[in-house]
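**Student:** Here you go, sequence then predicted model.
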Amino acid sequence: MTYIVKPRLRHPALPVNKLGFTHRDYEGTVSTLCAGCGHDSISAAIIQACFELAIEPHRVAKLSGIGCSSKTPTYFLGQSHGFNSVHGRMPSVLTGANLANKDLIYLGVSGDGDSASIGLGQFVHCIRRGVNMVYITENNGVYGLTKGQFSATADKGSKSKGGASNMDTALDLASMALMVGASFVGRSFSGDKEQMVPLIMAAMRHPGPAFIDIVSPCVAFNNHAGSTKAYDFVRAHNEAVNSLDIMEPRNPITVEYAPGTTEEVALHDGSTLRLAKLDASYDPHDRIMAMAYLQAKAAKGEFVTGLIYMDRQAGDLHANLGTVDAPLNSLSEKELCPGAKALDGFNTSHR
Amino acid sequence: MAYFAEIPLVLIDVQRGGPSTGMPTRTQQADLLLAAYASHGDTKHVMLFPQDPRELFEFAAQAFDLAERLQTPIFVMEDLDIGMNEWLCEPFTWDDARVYDRGKVMSAEELESGKLFGRYLDVDGDAIPWRTLPGTHPTKGAYFTRGSSHDKMAKYTEEGEAYQEVMQRLLRKFETAKAYVPAPVVRRAKEKTGFGAIYFGSTAPAMDEALAALEDQGLHLDTLRLRSFPFSEAVSEFINAHDQVFLVEQNRDAQMRMLLVNECGIDPARFISVLQYDGTPVTARFIIDAIAARMRLPAREAAE
């Protein structure tokens, strides 16, 4: 495999964000994925989201498992700390890192093979524990690195490149995330950057377990007629329930929507998430309804995208555990060790 | 992964009777090989063998220091008998002056001063690299680590030479570990003897009792209690200084013997295995009978 560092050329007119970083400061090395891979579009959306949020790159920890999707952290946030772990184990490594230092932004990138098969237990438990993170699955329905076998998210009846039909029931990771307690659930399509960027931005601002399932067609092995994760099929069958916009505290609202069709949600850092309701009946704060809606649409062969669920009172693992304010990895003997006197008390209690 | 990515990690293995679910409420010392070489590929791991709850307390704390110093998994090999049953032991003690060893962690100031940082670079010659904690410095010290093959700067590589360089350093780091892990405890018999005995873990109290009884019978043995793996020079010196060495273990396959033969290059014929693995704690009577019977054999017969 190659490791190609992009040349550090900088156009003088390149726009900078409020920290003075250019778009280039959030990029990584040149992608080695297939040309046209949906994953590269997701990397681009992550770069865009981090640039717009003016995140300090060194305050992000990017983690992944194994697979095409899990290779992508090399292609964005080149100045961030990264950990390309082992098959399906990203959630545990992320949980550990988050416990050690809760002040960093945790971005977990995984795929359908990594999260829905070998790492399914990890995926579920990481979310139900409420780890504050953004967990993205780049979902293409196949094992791309091993030449296109069906993954656990392949729809029943979907056809492989060789013509075989998948007979197993598909796992829907967005529904599972809702069920096990994700306080932010989004779904998107790698071909829709306008939707992805604000969704990722909102997820990064969300103070709890945020999960985004992004359907990302595999151009090499799953982009043919008969596949339900091909570009053409996803374009024809996806239905956005809302569109999102993140507004910084002092930014004026520039786009007007008809009254009653938008909702503004205050985010914990002072910015505002504006939701344009494309389906007026859809309430993204009603978890039970969201689960039913996803299932009802799926039964019709439709595919829901947008902000599916957001708990406005979200908390996280550290709040649940009652940890101290300082990151645990900054504590010393003074705070951590109860000392000889406490030990004597313990000894006495056993006599 | 923790071995290859060099992540500090403490694992406590409460060894119950195996294989599979085996005897889940019974005691054994049968995970030694599993832990010593855990994972696929070439790996070697540090193991500690506490003899009772008090030493377990000490080793558990020490294991965290070792893990950060050596940047590798530390296995605390606890026999189930210690982990689940009630023991009479000396009260636990703690030295309030004790400072945690966080190992080689490079600070923002050191990075700022221009100190060279490469996550898997051996700058001190002890094969232990420096690390940074994520988020330390805006432009220096970030790295992308991985369970896949990498070079000294933590970059992905499949170049044989760069991969082997990392693998060889890991082997050297395992040598470095010998200077940090708890040393074996050697006890000399009252009289000079060609017999030695090696034991470890929860065997210790029964061994103490057995040695006293054997001595009453005029049977003298020098002993060595193993407290850690990798084995230090003192271990092979002890074995080589004796004609025959009894090795008391609580497993079927004499796993510690395999480790000693394998790691120290010792002639297997030097060892006489005393194995008790029925799931109950080893008794002094069992050890006395096994050792006394063998020591009383005429020399010619014993040599066969």
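**Tutor:** Structure received.
**Student:** got the residues of chain B near chain A?
**Tutor:** Residues of chain B lying near chain A by Cβ under 8 Å from any Cβ of the partner chain: B:1, B:5, B:91-96, B:98-100, B:133-139, B:141-148, B:155-158. C-beta here means a position set from N, CA and C on the backbone, and glycine is covered the same way.
**Student:** Buried members of those residues into PyMOL, please.
**Tutor:** Of those, the buried ones can be selected in PyMOL as follows, counting by 16 or more other Cβ atoms under 10 Å in any protein chain shown:
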select buried, chain B and resi 1+5+92+94+133+134+135+136+137+138+141+142+143+144+145+146+147+148+155+156+157
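**Student:** Narrow the residues of chain B next to chain A to those in helices?
**Tutor:** B:Ala5 (DSSP state H).
**Student:** quick one: which of the residues of chain B next to chain A sit in strands?
**Tutor:** Among those, the residues falling in strands (DSSP state E) are B:144-146.
**Student:** Nearest to A:Thr169 among those?
**Tutor:** B:Arg146 (33.4 Å; Cβ to Cβ).
**Student:** Report the contact partners of the closest one.
**Tutor:** Shown in contact with B:Arg146 (Cβ atoms under 8 Å, 6 or more residues apart in numbering or on different chains): A:82-85, B:5, B:154, B:156.
**Student:** For it, list each beta-bridge partner.
**Tutor:** Counting by DSSP bridges, B:Arg146 is bridged to A:Asn84.
**Student:** Relative to A:Ala230, how far out is it?
**Tutor:** 31 Å (Cβ to Cβ, to the nearest Å).
**Student:** Kindly report the same for B:Ala97.
**Tutor:** Taking Cβ to Cβ, one finds B:Ala97 at 67 Å from A:Ala230.
**Student:** Show me what residue of chain A gets nearest to chain B.
**Tutor:** A:Gly82 (3.4 Å; Cβ to the nearest Cβ).
**Student:** Helix, strand, or coil at that residue?
**Tutor:** Judged by DSSP: H, G, I helix; E, B strand; the rest coil, the three-state class of A:Gly82 is strand.
**Student:** can I assume it is in contact with A:Thr74?
**Tutor:** Yes: using Cβ atoms under 8 Å, A:Gly82 is in contact with A:Thr74, at 7.3 Å.
**Student:** which residues are common contacts for those two?
**Tutor:** B:Phe144.
**Student:** Could you report the distance from A:Met310 to A:Ala210?
**Tutor:** Counting by Cβ to Cβ, the gap from A:Met310 to A:Ala210 is 9 Å.
**Student:** more neighbours, the two?
**Tutor:** A:Ala210 (30 against 24; other Cβ atoms under 10 Å in any protein chain shown).
**Student:** residue contacts, that one?
**Tutor:** A:133-135, A:182-186, A:202-204.
**Student:** ok, now with 6 Å
**Tutor:** Contacts for A:Ala210 (Cβ atoms under 6 Å, 6 or more residues apart in numbering or on different chains) come out as A:134, A:184, A:203.
**Student:** Kindly indicate whether it is helix, strand or coil.
**Tutor:** strand.
**Student:** The residue of the stretch 1-150 of chain B found nearest chain A: what's its closest spatial neighbour, skipping adjacent residues?
**Tutor:** Here the stretch 1-150 of chain B gets closest to chain A at one residue, B:Phe144, 3.4 Å apart by Cβ to the nearest Cβ. Setting aside the residues directly before and after it, B:Phe144 is nearest to A:Gly82 in space (Cβ to Cβ, 6 or more residues apart in numbering or on different chains), at 3.4 Å.
**Student:** So that neighbour is in contact with A:Pro73, correct?
**Tutor:** Yes: the criterion here is Cβ atoms under 6 Å, and A:Gly82 meets it with A:Pro73 at 5.1 Å.
**Student:** So A:Ala290 lies in a helix, does it not?
**Tutor:** Yes: A:Ala290: assigned to a helix according to three-state DSSP.
**Student:** Could you give the number of residues near B:Gly194?
**Tutor:** Neighbourhood size, B:Gly194 [other Cβ under 10 Å]: 14.
**Student:** Give me the pLDDT for it.
**Tutor:** What the model reports for B:Gly194 is a pLDDT of 96.
**Student:** now chain B, which segments are flagged as low pLDDT?
**Tutor:** Along chain B, segments meeting pLDDT under 70 span B:299-304.
**Student:** Off-centre distance for stretch A:268-277?
**Tutor:** Its chain's average C-alpha position is 18 Å from that of stretch A:268-277, according to Cα atoms, centre = their mean, to the nearest Å.
**Student:** mean confidence score for it?
**Tutor:** Here the average pLDDT along stretch A:268-277 is 76.
**Student:** hang on, the earlier thing: spell out which residues are contacts of both of A:Met310 and A:Ala210.
**Tutor:** A:Phe184.
**Student:** what sits up against stretch B:98-109?
**Tutor:** By Cβ under 6 Å, 6+ apart, stretch B:98-109 touches A:333, B:65, B:68-69, B:117, B:130-132, B:136-137.
**Student:** Now with 7 Å, please.
**Tutor:** Residues from elsewhere that reach stretch B:98-109 (Cβ atoms under 7 Å, 6 or more residues apart in numbering or on different chains): A:333, B:65, B:68-69, B:71, B:115, B:117, B:128, B:130-133, B:136-137, B:141.
**Student:** Nearest to A:Gly28 among those residues?
**Tutor:** B:Gly141 (17.1 Å).
**Student:** got the contact list for the closest residue to A:Ala280 other than its chain neighbours?
**Tutor:** In space, and not counting its chain neighbours, A:Ala280 is closest to A:Thr261: 6.8 Å by Cβ to Cβ, 6+ apart. A:Thr261 sits next to A:276-277, A:280 when contact means Cβ under 7 Å, 6+ apart.
**Student:** Quick one, which of those are buried?
**Tutor:** Buried among these by 16+ other Cβ under 10 Å: A:276-277.
**Student:** Next, format the contacts of A:Thr261 as CSV and append secondary structure.
**Tutor:** Converted to CSV, the contacts of A:Thr261 look like this (three-state DSSP):
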residue, secondary structure
A:Ala276, strand
A:Lys277, strand
A:Ala280, coil
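**Student:** Can you tell me which residue is spatially central in chain A?
**Tutor:** Most central in chain A under Cα atoms, centre = their mean is A:Ile136, positioned 2.6 Å from the mean C-alpha point.
**Student:** Neighbouring strands of the lengthiest strand in chain B in the sheet, and parallel or not?
**Tutor:** Under DSSP E, the strand in chain B containing the largest number of residues is strand B:9-17. Its sheet considered, strand B:9-17 pairs with strand B:23-27 (antiparallel), strand B:73-79 (parallel) by DSSP bridges.
**Student:** Deepest-packed of these, please.
**Tutor:** strand B:73-79 (a mean of 25; mean count of other Cβ atoms under 10 Å in any protein chain shown).
**Student:** buried ones in the helix or strand just after it?
**Tutor:** Downstream of strand B:73-79, the first helix or strand assigned by DSSP states H and E is helix B:80-84. By 16+ other Cβ under 10 Å, the buried positions in helix B:80-84 come out as B:80-83.
**Student:** quick one, what contacts B:Pro53?
**Tutor:** Here B:Pro53 is in contact with B:82, B:87, B:89 (Cβ under 7 Å, 6+ apart).
**Student:** so what's the backbone phi/psi at it?
**Tutor:** phi -60, psi -30 (degrees, to the nearest 10).
**Student:** Point out where the stretch 201-350 of chain A drops to low pLDDT.
**Tutor:** For the stretch 201-350 of chain A, the ranges with pLDDT under 70 are A:249-260.
**Student:** how about the residues of it that lie near chain B?
**Tutor:** A:329, A:333, A:339-340, A:343, A:347 (Cβ under 7 Å from any Cβ of the partner chain).
**Student:** Just the buried subset of those, written out for ChimeraX, thanks.
**Tutor:** Of these, the buried ones go into a single ChimeraX selection, burial set by 16+ other Cβ under 10 Å:
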select /A:329,343
